[in-house]
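Undergrad: Need coordinates for the following:
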Amino acid sequence: MPVKTKKMTRAKKAKMAKKAKKAKTPAAKKTAKKAVAKKSPATKAAKKSKQGRGTAANTPVKKTANKRVAKAPTEKTAWKISPEISQSVVKIDTWKKGDLKIEHLKVYRSGWVVVDQLPDLGEYNPDEGVNIFDEFEFDEHQLYDGSKEASIFSNELPAEERQRLLALSEAELVDEGWTLESVTRFKGPLLVEEI
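TA: Prediction:
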């Protein structure tokens, strides 16, 4: 019989434990939930570090509300201008000394310039072309494959003098009193692309 008494005692203890759990009020449960919800970020960080997450317990919480947000730079619009037709880029070096003149022409297969502001091309004459260094304010330019070269001399220069002048370097021409003016022209219809 003593065995039955022990079983009864255990059963009674279990019933009493159940009654004790039911006796807790719902308000007490809500307060416990609010207390858990109101834990500070520092307390949560400390708890995580104890669990082995690897963050320091006293790591300060950064406030981003007071920091200025860096704005991404706005992208600038640029345009690439080039001749539509091949071999429409001409560089003209004009050497002058008094009344004498030598023009050295070099024709390029293609070329382009990149400009920040789209120029007014309403009065552009394709037959005359445009001097890219005078008309455009550009950031970049490129000329490709010089294909043809020609020199035009004043009629006053004899053939022997022409050959001698062609053999001279730019520095030697300057030493002899010649001055240089350079012009690079796009001719024909132009292609304008936004990049």
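Undergrad: Identify the residues contacting the residue lying closest to residue 185 once chain neighbours are set aside.
TA: Spatial nearest neighbour of residue 185, excluding adjacent residues (CB to CB, 6 or more residues apart in numbering): residue 129 at 4.2 Å. For every residue, glycine as well, the C-beta is placed using N, CA and C. Counting by CB atoms under 8 Å, 6 or more residues apart in numbering, residue 129 touches 88, 90, 185, 186, 187, 188.
Undergrad: Any quick ChimeraX command for the buried ones out of the residues you listed?
TA: Per 16 or more other CB atoms under 10 Å, the buried members of those correspond to this ChimeraX selection:
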select :88,90,185,186,187
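Undergrad: now the strands for this protein?
TA: 79-83, 89-97, 100-115, 130-131, 138-153, 179-186, 190-194 (DSSP state E).
Undergrad: and the ones you listed as CSV, adding distance to residue 169 and mean pLDDT?
TA: Shown next, in CSV, are those (distance: least, CB to CB, whole Å; pLDDT from 0 to 100):
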stretch, distance to residue 169, mean pLDDT
strand 79-83, 30, 92
strand 89-97, 12, 94
strand 100-115, 13, 93
strand 130-131, 25, 92
strand 138-153, 14, 87
strand 179-186, 12, 94
strand 190-194, 34, 91
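Undergrad: Name the stretch among the ones you listed that sits most buried.
TA: The highest average neighbour count among the strands of the chain, using mean count of other CB atoms under 10 Å, belongs to strand 79-83 at a mean of 20.
Undergrad: Adjacent strands (with direction) for that strand?
TA: Strand 79-83 has its sheet partners listed here by DSSP bridges as strand 100-115 (antiparallel), strand 190-194 (antiparallel).
Undergrad: okay, the angle between the first one and strand 179-186?
TA: Put plainly, it is strand 100-115. 40 degrees (axes from the mean of the first three to the mean of the last three CA atoms, to 10 degrees).
Undergrad: what's the angle from strand 100-115 to strand 138-153?
TA: Using the same axes, to 10 degrees: strand 100-115 against strand 138-153 is 160 degrees.
Undergrad: Alpha carbons only: can I get strand 100-115 in CSV?
TA: Extracted in CSV, the C-alpha atoms of strand 100-115 (Å, rounded to 0.1, in the frame of the first residue of the first chain):
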residue,chain,number,x,y,z
LEU,A,100,55.1,82.9,-98.6
LYS,A,101,52.8,80.1,-97.5
ILE,A,102,53.0,76.3,-97.3
GLU,A,103,49.9,74.3,-96.5
HIS,A,104,50.4,70.7,-95.4
LEU,A,105,47.1,68.7,-95.6
LYS,A,106,46.6,65.4,-93.8
VAL,A,107,43.3,63.5,-94.3
TYR,A,108,42.2,61.1,-91.6
ARG,A,109,39.9,58.1,-92.1
SER,A,110,37.7,59.2,-89.1
GLY,A,111,37.7,61.1,-85.9
TRP,A,112,35.4,62.4,-83.1
VAL,A,113,35.1,64.9,-80.3
VAL,A,114,33.1,64.6,-77.0
VAL,A,115,31.4,67.8,-75.8
